[in-house]
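[1] Quick one: sequence and predicted model below, then my questions.
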Amino acid sequence: MKINNLNIAIFTVILTVTGCSSAPDLAPLLSMPIAPNATKDSISSELTLSNTYDIKDNVVQSGAHKIKMGSSVVINVPDKIFVKSSKNEIEGEFRTSEFFNYAEQEIERELIRHGFIVLSRSKFEAKLRDLRDETSCKDKWWRCPSSKVDPEVQTILNELETSFKEGKISATEFAKQTKEFKSRMQTSSTGRSRQEGDRELTDISEVIRAAQSGSVQSDYILQINNFDTNKITNAEVNLLESSEISAYLLDNPSIKQQFLKRQYLKCQTEGAELNAKLIHVTSGAIVWIGKHEVNELNSGVTNLKLQIGEHTFVNNINEVQTFVSAQNQHSQRINRYGRQVQVPAWKYSKELIGPDVISGRCNEHGSQHRMDKNTRTKLARSVSKELIREIVVSE
């Protein structure tokens with residue numbers, strides 16, 4: 001009986017101890033905080049590009065020769081500048097004589113503004129035809145292939161020539177009578193067939209010859225050496241020249257270092273180039289030489305508008321998630337029971353947006369767009385005006 005009583009007592013103690021034990025206290029589960037949404041902020045800025053091409057470095061005028069106000073000038077354009085246009089040749093239309101007429105008007109306007117008297121090239125074309133007639137036909141002008149002499153009159157002139165050859169009339173009389181007939185007739189040039197609109201003034205030696213003789217003379221010839229309206233140029237823009245962009249970076253210094261890596265915007269753009277010289281007819285002296293080029297950006301033909309901004313976002317979401325997951329483990333809940341635990345604060349990063357071109361054309365890898373004729377014309381006018389303005393005229 002004693003042994004049984006002892007067993008009963010031990011069992012009673014075990015039951016008593018077991019019944020008094022309880023589960024450990026656990027801290028509540030942590031909830032994952034909601035990350036703030038990313039934000040974006042931006043501004044736009046319209047850029048006015050300055051021309052880095054210094055026209056003063058490419059223009060020279062003779063100090064020993066003064067170009068007087070009221071001097072006459074005729075424009076000469078060599079055939080090599082032009083190409084034949086075709087339906088399949090888009091760029092060709094910008095190098096035709098028809099297209100050049102638009103730009104030539106700007107050259108003429110600037111010459112007139114400078115005090116020049118601009119002479120019509122058609123007057124010199126007619127004079128050049130007469131000079132060619134004299135060279136080609138000499139005394140037998142009525143036999144020129146393009147002569148408009150009436151057949152009956154031509155018969156009389158042939159008989160007159162026969163009389164001279166037979167000694168019936170003197171050389172003086174023959175020359176006098178043929179000259180009288182010529183003064184009453186109108187002849188056209190010989191030497192080649194000609195169509196309406198053909199350009200005669202192409203060879204500079206012939207132009208000078210035409211400008212020196214006859215009743216219509218010119219003091220100067222403006223020789224156009226090159227006129228390219230299909231020129232691909234490189235433009236580099238310092239974006240810090242924009243007051244709006246500079247001010248934005250001051251307000252958002254965290255993106256400045258990123259921006260400095262993109263500070264310069266490089267574009268391949270379309271432009272125009274004009275190369276010309278002014279020749280004094282009497283002396284043959286070249287008294288002025290100029291070359292200039294513009295592109296669609298620095299000429300104001302095409303405006304360039306850019307956007308720049310910053311993207312603000314949380315960068316430590318994984319860190320917060322890892323912390324919350326660890327603190328929700330059973331052992332950590334026991335350890336932090338009765339204690340306050342601080343979830344890591346959100347950390348933010350800022351990224352640069354742009355700069356992006358939102359208006360205008362800027363292709364870093366080459367110009368892929370096709371310039372329209374209106375834009376081409378504006379470029380041609382712009383380069384013409386800016387170059388001709390550099391001719392200094394004295395009172």
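    Received the coordinates, thanks.
[2] The stretch 101-250 of the chain: helices as residue ranges?
    Secondary structure of the stretch 101-250 of the chain by DSSP state H, counting those that start in this stretch: the helices cover 121-137, 151-165, 171-184, 204-212, 243-251.
[3] Then the stretch 251-395 of the chain?
    256-260, 317-327, 330-335, 373-388.
[4] would you turn those into a markdown table with mean pLDDT, mean neighbour count and distance to Glu104?
    No exception for glycine: its C-beta is placed from N, CA and C like everyone else's. Listed next are these as a markdown table, based on pLDDT from 0 to 100; neighbours: other C-beta atoms under 10 Å; distance: least, C-beta to C-beta, whole Å:
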| stretch | mean pLDDT | mean neighbour count | distance to Glu104 |
| --- | --- | --- | --- |
| helix 256-260 | 92 | 13 | 45 |
| helix 317-327 | 94 | 14 | 67 |
| helix 330-335 | 91 | 13 | 87 |
| helix 373-388 | 84 | 21 | 8 |
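[5] Surely Phe313 touches Lys347?
    No - look at Phe313 against Lys347 with C-beta atoms under 8 Å: they stay out of range, at 10.2 Å.
[6] okay, those two: which has more neighbours?
    Using other C-beta atoms under 10 Å, the more surrounded residue of Phe313 and Lys347 is Phe313, with 15 against 11.
[7] got a list of what the more buried one touches?
    For Phe313, the contact set (C-beta atoms under 8 Å, 6 or more residues apart in numbering) comprises Ala38, Thr39, Tyr348, Ser349, Glu351.
[8] okay, those residues in TSV with pLDDT, neighbour count and distance to Ile67 next?
    Converted to TSV, the contacts of Phe313 look like this (pLDDT from 0 to 100; neighbours: other C-beta atoms under 10 Å; distance: C-beta to C-beta, whole Å):
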residue	pLDDT	neighbour count	distance to Ile67
Ala38	94	12	66
Thr39	94	11	64
Tyr348	94	14	67
Ser349	93	12	65
Glu351	94	14	59
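[9] Show me those residues that map onto strands.
    Among those, DSSP state E puts Thr39, Tyr348, Ser349, Glu351 in strands.
[10] ok, of those residues, which one's closest to Ser394?
    Distance to Ser394, by C-beta to C-beta, is smallest for Glu351 among these, at 60.7 Å.
[11] Please list all residues in contact with the closest residue to that closest one other than its chain neighbours.
    Of all residues not flanking Glu351 in the chain, His311 sits nearest, at 4.5 Å (C-beta to C-beta, 6 or more residues apart in numbering). Shown in contact with His311 (C-beta under 8 Å, 6+ apart): Ala38, Thr39, Lys40, Lys350, Glu351, Leu352, Ile353.
[12] which residues touch the first one?
    Under the criterion of C-beta under 8 Å, 6+ apart, the contact partners of Ala38 comprise His311, Thr312, Phe313, Val314.
[13] and if we set it to 10 Å?
    By C-beta atoms under 10 Å, 6 or more residues apart in numbering, the residues touching Ala38 are His311, Thr312, Phe313, Val314, Tyr348, Ser349, Glu351.
[14] do the same with the last one
    Counting by C-beta under 10 Å, 6+ apart, Ile353 touches Lys40, Asp41, Ser42, Ile255, Gln258, Gln307, Ile308, Gly309, Glu310, His311.
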